[in-house]
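1. Sequence and computational prediction follow.
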Amino acid sequence: MFDYIEDPALKAKAEEEYNASIVTINGGVQKKIDEAVSGLKTKNDEILGEKKKLQDMLDKFKDIKDPVKALEALQLLDQNEYAQLIKDGKFEEVLEKRVSTATSRLTAVIDELNGKLEVSNKEGSTYKSKYQTKVIEDDIRAAAIKAGVRPEALADVLMRGINVFSLSEDGQVEARDKQGNLIKNKDKLIMTPDVWVDSLKESAPHYWPDSEGAGLTGNNLLAESDFNKKADALLAKGDYNGYRKLRAKQKAA
């Protein structure tokens, strides 16, 4: 390369310096190459690490068939108040809010049911009162017709009788005092609708035709007296079932 230099010593020095520069240049180039390779290797390791993280994340959602809906659900959770509180570790606050919400809903339902129950109770009470009134009036009407009361006087008899009688729990039409005892008339007869209607012949004889308004007949008095003796005996023994049967038999007579 340095053949044009005639001086052997100068030629040898030039070749030596050239070779030294080549070594220096090659060393610098190699260093640059090593640095570049090292950087690429580090970047490659980082990329591989990120890829692995992404693969691990994908593996967690591999069973999700609709990733769009899954993403929407995650977004909803991010916006949900309870989810945010849970993220913040405020579990007691979440519990209090849920209990408060459930209590409010339950209270609203209970209030609605109580309102319906109140209406139902009122309607039931009204129908019960109407039923009791009808049963009492039917018994008094039957007794009045049996006793021969004028048809035009029946309404007045019913109006007076409804304030005397009540309906027992077992459906018996009876008259009781404030202490709950069965009322009897002056002749010690239990005050049944028949006895009460017959008593009206003295206090309201105009309820009967002129020929029938002069008091109890002998046969009627005997029948009522016999009924009351039997009734008193049954009540004294506490035989209320027997008393009800006797009443039913007397009403059918």
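-> Now that the structure is in, tell me what you want to look at. Numbering: from 1, shown residues only.

2. residue contacts, residue 150?
-> Residue 150 makes contact with 207, 208, 209, according to C-beta atoms under 8 Å, 6 or more residues apart in numbering. From N, CA and C alone the C-beta is placed, and that goes for glycine too.

3. Looking at the host helix or strand of residue 234 now, give me its mean pLDDT.
-> Following DSSP states H and E, one finds residue 234 within helix 218-236. Across helix 218-236, pLDDT averages out at 60.

4. thinking again about what came up before, hmm, which of the contacts of residue 150 are the buried ones?
-> Buried residues within the contacts of residue 150, counting neighbours by 16 or more other C-beta atoms under 10 Å: 207, 208.

5. Tell me the one among the contacts of residue 150 nearest to residue 18.
-> residue 207 (157.2 Å; C-beta to C-beta).

6. in stretch 126-139, what's buried?
-> For stretch 126-139, by 16+ other C-beta under 10 Å, it's 132, 136, 137, 139.

7. what separates that stretch from the chain centre, distance-wise?
-> From the chain centre to the centre of stretch 126-139 is a distance of 33 Å (C-alpha atoms, centre = their mean, to the nearest Å).

8. Am I right that residue 208 is in contact with residue 201?
-> Yes: because the distance of 6.5 Å satisfies C-beta atoms under 8 Å, residue 208 is recorded as touching residue 201.

9. Now the common contact residues for these two.
-> With C-beta under 8 Å, 6+ apart as the test, residue 208 and residue 201 both reach residue 147.

10. How about the backbone phi and psi for residue 82?
-> The phi and psi values for residue 82, taken as degrees, to the nearest 10, are phi -60, psi -40.

11. low-confidence ranges in the stretch 1-150 of the chain?
-> 1-2, 23, 25-34, 36-37, 39-40, 51, 54, 57-65, 67, 70-79 (pLDDT under 70).

12. Kindly report the same for the stretch 151-253 of the chain.
-> The low-confidence ranges in the stretch 151-253 of the chain, as defined by pLDDT under 70, are 211-229, 231-232, 235-238, 240, 243, 250-253.

13. quick one, helices of it?
-> Listed from the start of the chain, the stretch 151-253 of the chain has helices (DSSP state H, counting those that start in this stretch) covering 154-161, 193-203, 218-236, 240-252.
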